[in-house]
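Peer 1: let me see the structure of the following:
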Amino acid sequence: MKKRVAVLCGTAVALASALTAVPPAQAAPVPAAPGLSWKKCATEDAPRLQCATVKVPLNHAAPGGRKITLALSRVPHTAKKSLGPLLVNPGGPGGSGVGLAPVVASGLPASVAARYDVVGFDPRGVGRSRPALDCVPGYSDPVRPDPVPATAALEKVNLDRARAFAAACGRKHGDLLPYVDTVSAAKDLDVIRRALGAKKINYLGYSYGTYLGSVYAKLYPDRVRRMVLDSVVDPTGIWYENNLQQDIAFEDRHRAFMTWVARHDAVYGLGADAARVEAKWYAMRAAVAAKPAQGVVGPAELEDLFLPGGYHNGYWPLLARVFSAYAVKKQAAPLVEAYRTVGAVDAAGDNGYSVYTAVMCRDARWPREWGRWRADNWAVHEKARFMTWSNAWYNAPCAFWPTQGLRRPVDVTNHKAPPVLIFQATGDAATPYAGAVRTHRLLRGSSLVVEEGGGNHGVTLSGNKCLDRHLAAYLTDGTVPRRPSGEADATCPALPDPKPAQAATRTAAPPHPWPLPRP
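Peer 2: Take a look at the predicted model:
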């Protein structure tokens, strides 16, 4: 369900001043971590950061067999009494988590972060973990075929690319692919727990990381102390159905962007009516399909560039500016520069996509008959043309994957785990709201905090003080809001949409702390 690994969410901010003090919880000290050799790996932004590695079985059913290595990072606690490790995951699958630990540690109130060892990790196959997957380096290099298969020839070329990618993964990583999946990753988490010397873990997962956390809680409910799930994957649609639902949600979010651009016609000059703005966007798409901008940005790359706007409205001023430059001023250079900054895939993206497909294709059975894909995606395209076919081709290797998918996804229904705290924006496109509601119902005792009217993906530690007060209270002493009726236990108003960057001269993305891969 997750797409390209380069989309980023909003800025984490210091929240201590906005939080009410809560009495410290009493907890036994966490034992020293056996078998881990932590070394300094400080950066200017993370002066206390430490790094280590841990060995895990490639096949957890054969723990004495081949081992692989996971990369870890840690910001150690500073308080006298620790609440244990807080493992953090940015999503994906395929997202690297080693850089997330210092972001979370700095984003939480100092009094809360001081009581946790905030631990990031690169899941199996990802980033600094070894071996790392990279099926086809440069697979997403421009210019790629138009995703919308308007002709049989276009459908064939896209199908051939997807089939070739799957075959290359099998040739290069065939020994690994049967073991790159969410259940294996959840079992890795328990190896990390043991290596940290902790009886229980605390966990904060974003996006796909919510499914990983839910699976861990299902397998090891008695080893969870506190768990936060932000922007929640629907565990009942893993993964084919989730992608189709996501296409519709991204259409709504893209149109919200069109409406915002129309509202600021005085700045961008694209029209004061959202329908007119949308028509100009598709005219731009047709133009780059006929002649890619500077030989770099065709229709596939254009969709890569504008998709981040569906994740976070902090991208809207940048995207509107380069849209206006191309459509009004006939300038291609800003569009290309923005693509290279925001949309292009680098080596880390190649790795992320390889892990993404490996996990997606292994986690569940996918249709193997292309006729099913064709019919379903054309039907959705009629309602949601912005990214339906782009998303379909992104996941199409699963139709040809050399490793069979698991017979059924994990049923995460849980009556044994402690209360889980769930955060969700009502207009989130990457993980639509209904998935959070279903997860809330499946996890008995969980609490759902909703950002009403929000459309961003990954909503905690991104500037909404109301949401972050709930997060801080829960991590401090386990407090969760409770409402006797209704879907949500608490609601918070969304942050306002951004203002146009009227004086902007750079094609830079808005500040962002961690990668939240495409769905």
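Peer 1: what segments of the protein are strands?
Peer 2: With strands called from DSSP state E, the chain shows them at 39-40, 50-57, 67-75, 85-89, 117-122, 201-206, 224-230, 420-425, 447-452, 490-493.
Peer 1: what sits up against the fifth one?
Peer 2: Under the contact criterion C-beta atoms under 8 Å, 6 or more residues apart in numbering, strand 117-122 has outside partners 30, 70-77, 82, 84-89, 96-102, 104-105, 108, 128-129, 189, 192, 196. Every residue, glycine included, has its C-beta placed from N, CA and C.
Peer 1: quick one: pLDDT of the nearest residue to residue 70 once chain neighbours are set aside?
Peer 2: Nearest residue to residue 70 in three dimensions, chain neighbours excluded: residue 129, at 4.8 Å (C-beta to C-beta, 6 or more residues apart in numbering). Residue 129 carries a pLDDT score of 98 in this model.
Peer 1: same question for residue 277.
Peer 2: Residue 277 is assigned 98 on the pLDDT scale.
Peer 1: and if you look at the one 10 residues further on?
Peer 2: We note a pLDDT of 98 for residue 287 in this prediction.
Peer 1: again, but for residue 485
Peer 2: Residue 485 carries a pLDDT value of 84.
Peer 1: report the distance from the longest helix along the chain to the chain centre.
Peer 2: Taking DSSP state H as the criterion, the chain has its longest helix at helix 240-263. Offset of helix 240-263 from its chain centre (C-alpha atoms, centre = their mean, to the nearest Å): 16 Å.
Peer 1: ok, now how distant is residue 393 from residue 49?
Peer 2: 38 Å (C-beta to C-beta, to the nearest Å).
Peer 1: go on, residue 168?
Peer 2: 35 Å.
Peer 1: cool, and residue 359?
Peer 2: For residue 359, the distance to residue 49 - C-beta to C-beta - is 27 Å.
Peer 1: give me the more crowded residue out of these two.
Peer 2: residue 359 (28 against 22; other C-beta atoms under 10 Å).
Peer 1: surely that one meets residue 182?
Peer 2: Yes - look at residue 359 against residue 182 with C-beta atoms under 8 Å: they come within range, at 6.2 Å.
Peer 1: common neighbours of the two, please.
Peer 2: Listed contacts common to residue 359 and residue 182 are residue 93; contacts here mean C-beta under 8 Å, 6+ apart.
Peer 1: residue 341 is in contact with residue 322, correct?
Peer 2: No - assessed by C-beta under 8 Å, residue 322 is found out of contact with residue 341, at 9.9 Å.
Peer 1: what about these two, which has more around it?
Peer 2: residue 322 (26 against 15).
Peer 1: now for the more buried one: which residues touch it?
Peer 2: Counting by C-beta under 8 Å, 6+ apart, residue 322 touches 305, 334, 335, 337, 338, 507.
Peer 1: repeat that for residue 169.
Peer 2: Residues in contact with residue 169 (C-beta under 8 Å, 6+ apart) are 133, 135, 136, 177, 354, 357, 358, 397, 401, 402.
Peer 1: quick one: contacts for the first one?
Peer 2: Spelled out, that is residue 133. Neighbour list for residue 133: 125, 126, 169, 173, 176, 180, 351, 354, 355, 358 [criterion: C-beta under 8 Å, 6+ apart].
Peer 1: farthest-separated two in those residues?
Peer 2: With C-beta to C-beta as the measure, no two of the contacts of residue 133 lie farther apart than 126 and 169, at 14.8 Å.
Peer 1: out of the contacts of residue 169, which one sits closest to residue 309?
Peer 2: Comparing those against residue 309 with C-beta to C-beta places residue 357 closest, at 24.1 Å.
Peer 1: now the closest one: closest residue in space that isn't a chain neighbour?
Peer 2: Nearest one to residue 357, counting by C-beta to C-beta, 6+ apart, is residue 397 at 5.0 Å.
Peer 1: residue 162 is in contact with the one you found, correct?
Peer 2: Yes - if you go by C-beta under 8 Å, residue 397 and residue 162 touch, sitting 4.9 Å apart.
Peer 1: who has more neighbours out of these two?
Peer 2: residue 397 (29 against 23).
Peer 1: separation between the more buried one and residue 207?
Peer 2: Per C-beta to C-beta, residue 397 is found 20 Å from residue 207.
Peer 1: ditto for residue 318
Peer 2: In terms of C-beta to C-beta, residue 318 sits 22 Å off from residue 207.
Peer 1: what is in contact with residue 397 and residue 162 at once?
Peer 2: The contact sets of residue 397 and residue 162 do not overlap (C-beta under 8 Å, 6+ apart).
Peer 1: the closest residue to residue 365 other than its chain neighbours: neighbour count?
Peer 2: Distances taken as C-beta to C-beta, 6+ apart put residue 405 closest to residue 365, at 4.3 Å, once the chain neighbours are dropped. For residue 405, the neighbour count with other C-beta under 10 Å is 20.
Peer 1: what's near enough to touch residue 405?
Peer 2: 361, 362, 363, 364, 365, 366, 398.
Peer 1: out of those residues, which is nearest to residue 482?
Peer 2: Ranked by distance to residue 482 (C-beta to C-beta), those are led by residue 363 at 32.8 Å.
Peer 1: my read: the closest one touches residue 182, true?
Peer 2: Yes - under the criterion of C-beta under 8 Å, residue 363 makes contact with residue 182 at 5.3 Å.
Peer 1: the closest residue to residue 232 other than its chain neighbours - how many residues pack around it?
Peer 2: Leaving out its chain neighbours, the residue that sits closest to residue 232 by C-beta to C-beta, 6+ apart is residue 436, at 4.1 Å. For residue 436, the number of neighbouring residues by other C-beta under 10 Å comes to 29.
Peer 1: cool, residue 199 as well?
Peer 2: The number of residues near residue 199, taken as other C-beta under 10 Å, comes to 14.
Peer 1: identify the residues contacting stretch 267-280?
Peer 2: By C-beta under 8 Å, 6+ apart, the surrounding residues in contact with stretch 267-280 are 255, 258-259, 261-263, 265, 320-321, 323-324, 327-328, 500, 502.
Peer 1: which pair of these spans the longest distance?
Peer 2: 255 and 502, at 23.3 Å, using C-beta to C-beta across the contacts of stretch 267-280.
Peer 1: okay, the two: which has more neighbours?
Peer 2: The neighbour comparison of residue 255 against residue 502 (other C-beta under 10 Å) goes to residue 255, with 16 against 11.
Peer 1: any regions of the stretch 401-519 of the chain where pLDDT drops low?
Peer 2: Applying pLDDT under 70 to the stretch 401-519 of the chain flags residues 502-519.
Peer 1: quick one, helices of it?
Peer 2: Ranges of helices in the stretch 401-519 of the chain, per DSSP state H, counting those that start in this stretch, are 433-442, 465-477.
Peer 1: got those helices as TSV, with distance to residue 64 columns?
Peer 2: Listed next are those as TSV, based on distance: least, C-beta to C-beta, whole Å:
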stretch	distance to residue 64
helix 433-442	35
helix 465-477	37
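Peer 1: closest to residue 456 out of those helices?
Peer 2: Once the helices of the stretch 401-519 of the chain are compared by C-beta to C-beta, helix 465-477 is nearest, at 10.8 Å.
Peer 1: the closest one packs against which elements?
Peer 2: In terms of contacts (3 or more C-beta pairs under 8 Å, 6 or more residues apart in numbering; DSSP states H and E), helix 465-477 is packed against helix 110-113, strand 224-230, strand 420-425, strand 447-452, strand 490-493.
Peer 1: okay, the longest one in CSV with CA atoms only?
Peer 2: Below are the C-alpha coordinates for strand 224-230, written out as CSV (Å, rounded to 0.1, in the frame of the first residue of the first chain):
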residue,chain,number,x,y,z
VAL,A,224,4.0,-4.2,25.0
ARG,A,225,4.1,-1.4,27.6
ARG,A,226,2.8,1.5,25.5
MET,A,227,2.1,1.8,21.8
VAL,A,228,1.3,4.8,19.6
LEU,A,229,-0.1,4.4,16.1
ASP,A,230,-0.1,7.5,13.9
